[in-house]
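A.B. asks: No sequence on hand, only this structure:
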């Protein structure tokens, strides 16, 4: 005997409240006005991570854990959980094996400096930043009692992490691609760091609050934060489409009018990996996920 041929329970045959429940259960609930809103549109790019990510992360995290003056044990724990070396390995998956750890150190110190600047007023932060730039240029010597100053000396070692030699003329031809990728990275950072900014107790009004892509778009479009993020994600996907167009255009021009070195296509591919790796890290980093959870509480 099938379920369809089985007798109904007495309560339903008598038309009691149970029959009402069965009848209502067959009706579809009214559609939510937000049900059709799309999730994050998928990227055209696929991230790649450097094969030495685990080894390098352990080495670099240990290096800074020993040498950086963290404000508290909790701050050190947060640093170790964030994964700046993983970000670097996603940014530079094709870096030479003997140089990737230098890239990880550079990126890590830049993030740590960024955290320091949040505690400073705009003028103080500008002076601090200018001093670091002077050290990198060799215009002044670092104060070894200040970790950020002498660790920044490593930045010079990172300029050729992939071992690429590209002529100034070639670099000029890829400027549109570089700018397009930079805008993508900036917007994605703004999307995922928005909640971190909201819960930050050290952000100053004259600092980053009005400089994020989310905040700017909210003011321009007169929409809320979530709507703004959807708009910005769509814009980033257009950036990815534009990247492919610019790369195709560069290849066509190179074939017709000029000769380029074998390093240039590798460099352009590296830019794409930076874009995809940046979004992969931002979407999974505890640095932003914890902030988003706190903002929802």
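C.D. replies: Nice, I can see it. Keep in mind it's a predicted model, so treat the numbers as computed, not measured. Residues are numbered from 1 along each chain as shown.

A.B. asks: For the rest of this, base every contact and every neighbour count on C-alpha atoms.
C.D. replies: OK.

A.B. asks: residue ranges with poor pLDDT in the chain?
C.D. replies: 1-38, 117-152, 154-159, 199-211, 256-258, 290-297 (pLDDT under 70).

A.B. asks: Could you rerun that using 50?
C.D. replies: Along the chain, the model assigns pLDDT under 50 to residues 1-26, 29, 32, 34-36, 144, 150-151, 154-158, 202-203, 207-210, 291-297.

A.B. asks: all helices for it, in order.
C.D. replies: 10-13, 17-25, 53-67, 73-82, 84-91, 100-118, 122-137, 147-151, 168-173, 175-199, 213-221, 225-257, 263-284, 286-296 (DSSP state H).

A.B. asks: Out of those, which one sits most buried?
C.D. replies: Counting by mean count of other C-alpha atoms under 10 Å, helix 84-91 has the highest mean neighbour count of the helices of the chain, with a mean of 27.

A.B. asks: okay, the angle between that helix and helix 53-67?
C.D. replies: 140 degrees (axes from the mean of the first three to the mean of the last three C-alpha atoms, to 10 degrees).

A.B. asks: Now do helix 84-91 against helix 263-284, angle only.
C.D. replies: Using the same axes, to 10 degrees: helix 84-91 against helix 263-284 is 140 degrees.

A.B. asks: so what secondary structure elements neighbour helix 84-91?
C.D. replies: helix 53-67, helix 100-118, helix 263-284 (3 or more C-alpha pairs under 8 Å, 6 or more residues apart in numbering; DSSP states H and E).

A.B. asks: How about residues contacting the shortest one?
C.D. replies: In this case it means helix 53-67. For helix 53-67, the surrounding residues in contact (C-alpha atoms under 8 Å, 6 or more residues apart in numbering) are 76, 80, 83, 84, 85, 86, 89, 100, 101, 104, 105, 147.

A.B. asks: from what I can see the third one touches residue 285, true?
C.D. replies: Yes. Assessed by C-alpha atoms under 8 Å, residue 83 is found in contact with residue 285 at 7.3 Å.

A.B. asks: okay, now the domains of the protein?
C.D. replies: 45-163, 165-297 (automatic domain parsing).

A.B. asks: can I get those in JSON lines with distance to residue 39?
C.D. replies: Shown next, in JSON lines, are the domains of the chain (distance: least, C-alpha to C-alpha, whole Å):
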{"stretch": "domain 45-163", "distance to residue 39": "17"}
{"stretch": "domain 165-297", "distance to residue 39": "8"}
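
A.B. asks: before we move on, back to that, mind giving me CSV with the contacts of helix 53-67 and columns for distance to residue 262?
C.D. replies: Listed next are the contacts of helix 53-67 as CSV, based on distance: C-alpha to C-alpha, whole Å:
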residue, distance to residue 262
76, 43
80, 38
83, 32
84, 30
85, 28
86, 28
89, 23
100, 21
101, 25
104, 26
105, 28
147, 39
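
A.B. asks: The helices of the chain: which one's closest to residue 160?
C.D. replies: helix 100-118 (9.5 Å; C-alpha to C-alpha).

A.B. asks: Could you list every helix and strand in contact with that closest one?
C.D. replies: helix 53-67, helix 84-91, helix 147-151.

A.B. asks: rerun that using 6 Å as the cut-off
C.D. replies: helix 84-91 (3 or more C-alpha pairs under 6 Å, 6 or more residues apart in numbering; DSSP states H and E).

A.B. asks: now the angle between helix 100-118 and the helix it packs on, please.
C.D. replies: 120 degrees.

A.B. asks: what sits up against helix 84-91?
C.D. replies: 48, 49, 50, 53, 57, 104, 108, 274, 277, 281 (C-alpha atoms under 6 Å, 6 or more residues apart in numbering).

A.B. asks: Need the residues that contact stretch 265-278.
C.D. replies: Looking at what lies outside stretch 265-278 - C-alpha under 6 Å, 6+ apart - the contacts are 45, 47, 90, 91, 185.

A.B. asks: which residue sits closest to the last one in space, ignoring its chain neighbours?
C.D. replies: Just to be clear, that refers to residue 185. Leaving out its chain neighbours, the residue that sits closest to residue 185 by C-alpha to C-alpha, 6 or more residues apart in numbering is residue 275, at 5.9 Å.

A.B. asks: on that earlier part again, what's the farthest-apart pair in the contacts of helix 84-91?
C.D. replies: Most distant of those, by C-alpha to C-alpha, are 48 and 108, 19.3 Å apart.

A.B. asks: Done for today, thanks.
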